[in-house]
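1. Dropping the sequence and predicted coords here.
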2 protein chains.
Amino acid sequence: MADADEILHSDAMQQRLQEVRTLLDRQKRVESLVHRQEMPRHELVENLIAKQHHNELTKKLDAMHPADIAYILEALPPDDRLLVWDLVRAERDGEILLEVSDAVRESLIDAMEPKELVAAVEQLDADELADLAPDLPTEVMQDVFSSLDHEEREQLRAAMSYPEDSVGALMDFDMVTVREDVTLEVVLRYLRRFDELPDHTDQIFVVDRDDKLRGALSLNTLLVNDVEVEVASVMQDHQLVLHADDSAESAAQAFERYDLVSAPVIDHHDQLIGRLTVNEVMDFIREQSEEELLAQAGLREEEDIFAPIMDSVKNRWAWLAINLVTAFFASRVIGAFEGSIEKLVALAALMPIVAGIGGNSGNQTITMIVRAIALGQIQPEAARRLYRKEMGVALINGIVWGGLLGLLACWLYDSWALGMVMTGAMTLNLLLAAFVGVSVPMLMARYGRDPAVGSSVLITAVTDSGGFFIFLGLATLFLL
Amino acid sequence: MADADEILHSDAMQQRLQEVRTLLDRQKRVESLVHRQEMPRHELVENLIAKQHHNELTKKLDAMHPADIAYILEALPPDDRLLVWDLVRAERDGEILLEVSDAVRESLIDAMEPKELVAAVEQLDADELADLAPDLPTEVMQDVFSSLDHEEREQLRAAMSYPEDSVGALMDFDMVTVREDVTLEVVLRYLRRFDELPDHTDQIFVVDRDDKLRGALSLNTLLVNDVEVEVASVMQDHQLVLHADDSAESAAQAFERYDLVSAPVIDHHDQLIGRLTVNEVMDFIREQSEEELLAQAGLREEEDIFAPIMDSVKNRWAWLAINLVTAFFASRVIGAFEGSIEKLVALAALMPIVAGIGGNSGNQTITMIVRAIALGQIQPEAARRLYRKEMGVALINGIVWGGLLGLLACWLYDSWALGMVMTGAMTLNLLLAAFVGVSVPMLMARYGRDPAVGSSVLITAVTDSGGFFIFLGLATLFLL
């Protein structure tokens, strides 16, 4: 790991990125020279580039943390990315593939020979292999699988058998175990036989002969207690234990709540099968919050910023299609009132305000409710209270903002009646938004759906069509 | 810490919440009985309740982790919340105040006497005190401050002097330090004198006589090496070192990138002044992503779901006001074309589709760009490439979706010309959305603003007004 000034400041990361870019540019300039003068390309490239920039770049990359190389690969456009990827030493390929984003990983794997891939991936632990497996060609996985020993195969099978968002999919197998009837002295001697303890070892797990988890001995306890003492008398037997099929989300909440560094993972027979560490949990939290942000904007998945146009189109089309349908529906609601608009064209100019503010207000309500549901803080009994509160907020907003807009409409079109309709429609649409904003996520949660997915489209659809209908309907009733 | 089945499954957390609720209900039922029969209230309350449900509840709460009590407090409506809060043992108040959300913390502090507050808060460490300080009444802080010893006062001053999103504001002062010229044997003996090491101690910091950081000795290294060896020969001197005024965001990225559990924090003289631990980083990441989600929906801050209506109105009004202004502006654009709409009322029904889809598409673009900027992956040189890509995506979407809608418009209103205008307007508005979607965050970033704030409002404003203008403008030119 490098020095602080080198790795922490984002400027420093930027600077490294810039250095790599400069070296790449120089290399490309030489290559284009070679091309133009039609010299025997191979020789020149070998001589000029390979020995200068090539070497310099390789050295730079060798000194970098795999996560930093991943960062640089993600920031480079595709052709530069592959140039740099070729310069990375083959034995580091595996750990870098683990670090890059899904989209970039695909592009790197596509550029590799099956043989290279097998070599890169063979070096990884079973849990890491399981993470990469879905992106690897089948024949590569078969080759890798046959190269594993029995225990690793079992681990790989286990890791791949759990659904993506479960503890089993995030756990690793690097746990240190001891028996409860030995002294701390023995444990210390045992540990001294290791070259290195696994990362994030803050506790050693205590198991019996059948690998059943009996408790945990934290390094903290190990270090402050008398070495003559037996493990059984100082181990913690009431600690957080995860099951491999627990949801990663609930495990993450437990890690946050209890400030954990690692936790043991057991199977249905109480046997210790792995452990979950805080770095995996942190990655999970970050990924999840990113997915949520992307989903809110209607992006199916993280996008390589340099992805080919068609990949981006595919990533975004579903959301646009859904919105097109709801927009078309809203448009038909307006269509039904064309007669009224023809008579009073001001309606056409005012109606988007009613619909838009309803959508904004509804999204505020729904975001708050979805968040509270995700934290498990909303009980069915709370529903009435929430309706009352949100409707109250909507009523106040309707009267204040609706009143203001009513005055504006009245002033613009010189009609008190139009102003009143505007105020009334705003208020009703805000009430509708509040009602739907509470109901939709509560209903989705009750029927076991994730309330975060699609709530926002749904509420906008309702407040658009509803807003047009309420405003144009009121106008038709009272103004024409 | 309790057993797995008790704390991990969100059902179990729900179950505890339910138990607390049931006990509260029973208590309230008894109280109302007392009330109705107008018996001498005090006696009955003392006898009946205090001895039964009261005791049971208190026992339950005593057995819970402070984070779990915080969770329950957040999920209870205000009156029940204060009932439970009164039952929590006074010496635990401080740690629970640290765990609850800002909104709920305010409501709890409001309900406490200054004397109670001082007693609760005095038990906390300096870094924890600094977190609570902004919410505490001044006289309480003064009392607490005068009760601290010299070192704690300095720590509190230091912790409070750093801006909210800096490393200094997140660090704690619980670090264990050793000198580099002692053997591991000596370190082990030194550690054995502790009752307990501070949480998240994965490394011990090596300092010289002036408290200057020389390196770090991981517990891992300490445990696997020969005890005769000197600290200097096995310590890591190239590790991640943070400065107290580094941004918390960059520190969080470093923790994620390098999978850290703790990192030393130094001041401008290279003196070790504190350490940052992964649990603080994880809380920071979660809070930040939550703020982002709330900001996207236009909520100023996290809301207590049971907040009084006026608090909610205040939390939400700024966003609604801004949207009102942009919606009003869009409405005036339509107003300028009222003559055209009067002649061809179909325009009124079709125009929201053009505006809406433009907004959706623009938000997709902007979300992707904002994310890439946050990761520092977009260089000025990449701008041209991004414009080209996003415009390409917009063009394809315009032709496909615009074409589809053009056909629909043509079929509905039996006019090829109207269909062509629809397709043209959609395509142009999507191109506008792509252009603005790339430009706005890039410009904001260049001028040092956070591109995540307000981008979404801005793009919707542009695509709404722009969409109406393009569609109605084209229609006026070609159809009338």
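-> Arrived safely.
2. C-alpha from now on. contacts and neighbour counts both.
-> Will do.
3. A:Leu117 contacts A:Thr138, correct?
-> No. Contact criterion Cα atoms under 8 Å: A:Leu117 and A:Thr138 do not qualify, at 11.5 Å.
4. OK, contacts around A:Asp174?
-> A:Pro198, A:Gly274, A:Arg275 (Cα atoms under 8 Å, 6 or more residues apart in numbering or on different chains).
5. Tell me the helix or strand right after the helix or strand where the second one lies.
-> Per DSSP states H and E, A:Gly274 falls inside strand A:272-277. Along the chain past strand A:272-277, the next helix or strand (assigned with DSSP H and E) turns out to be helix A:278-296.
6. list the helices and strands that following helix packs on?
-> helix A:248-258, helix B:248-258, helix B:278-296, helix B:346-374 (3 or more Cα pairs under 8 Å, 6 or more residues apart in numbering or on different chains; DSSP states H and E).
7. which of those sits most buried?
-> Among the helices and strands packed on helix A:278-296, the stretch with the highest mean neighbour count (mean count of other Cα atoms under 10 Å in any protein chain shown) is helix B:346-374, at a mean of 25.
8. Pick out whichever of A:Leu117 and A:Thr138 has more residues nearby.
-> Legend: neighbour count by other Cα atoms under 10 Å in any protein chain shown for A:Leu117 and A:Thr138, higher for A:Leu117 (22 against 12).
9. which element is that one on?
-> Using DSSP H and E, A:Leu117 falls within helix A:114-122.
10. So the most centrally placed residue in chain A versus A:Pro66, what's the distance?
-> Closest residue to the average C-alpha location of chain A: A:Glu287 at 2.1 Å, with Cα atoms, centre = their mean. From A:Glu287 across to A:Pro66, the span is 19 Å (Cα to Cα, to the nearest Å).
11. how about low-confidence regions in chain A?
-> Within chain A, the segments meeting pLDDT under 70 span A:1-12, A:29-52, A:380.
12. can you point me to the longest helix in it?
-> helix A:416-446 (DSSP state H).
13. So which bits of the stretch 51-200 of chain A are right by chain B?
-> Along the stretch 51-200 of chain A, the residues adjacent to chain B under the rule Cα under 8 Å from any Cα of the partner chain are A:67-68, A:71, A:74-75, A:188, A:191-197, A:200.
14. coming back round to it: out of the helices and strands packed on helix A:278-296, nearest to A:Val176?
-> Across these, A:Val176 has its closest neighbour in helix A:248-258 (20.0 Å, Cα to Cα).
15. Residues touching that closest one, excluding its own?
-> Residues outside helix A:248-258 that contact it (Cα under 8 Å, 6+ apart) are A:165-167, A:170, A:242, A:260-261, A:278, A:281-282, A:284-285, B:7-10, B:67-68, B:279, B:282-283.
16. tilt between it and helix A:346-374?
-> Helix A:248-258 and helix A:346-374 are oriented at 70 degrees to each other (axes from the mean of the first three to the mean of the last three Cα atoms, to 10 degrees).
17. Centre of the chain to helix A:248-258, how far?
-> Relative to its parent chain, helix A:248-258 has a centroid offset of 16 Å by Cα atoms, centre = their mean, to the nearest Å.
18. Please enumerate residues in contact with the helix holding A:Leu117?
-> With Cα under 8 Å, 6+ apart, helix A:114-122 has contacts from A:90-94, A:109, A:129, A:137, A:139-141, A:143-144, A:147.
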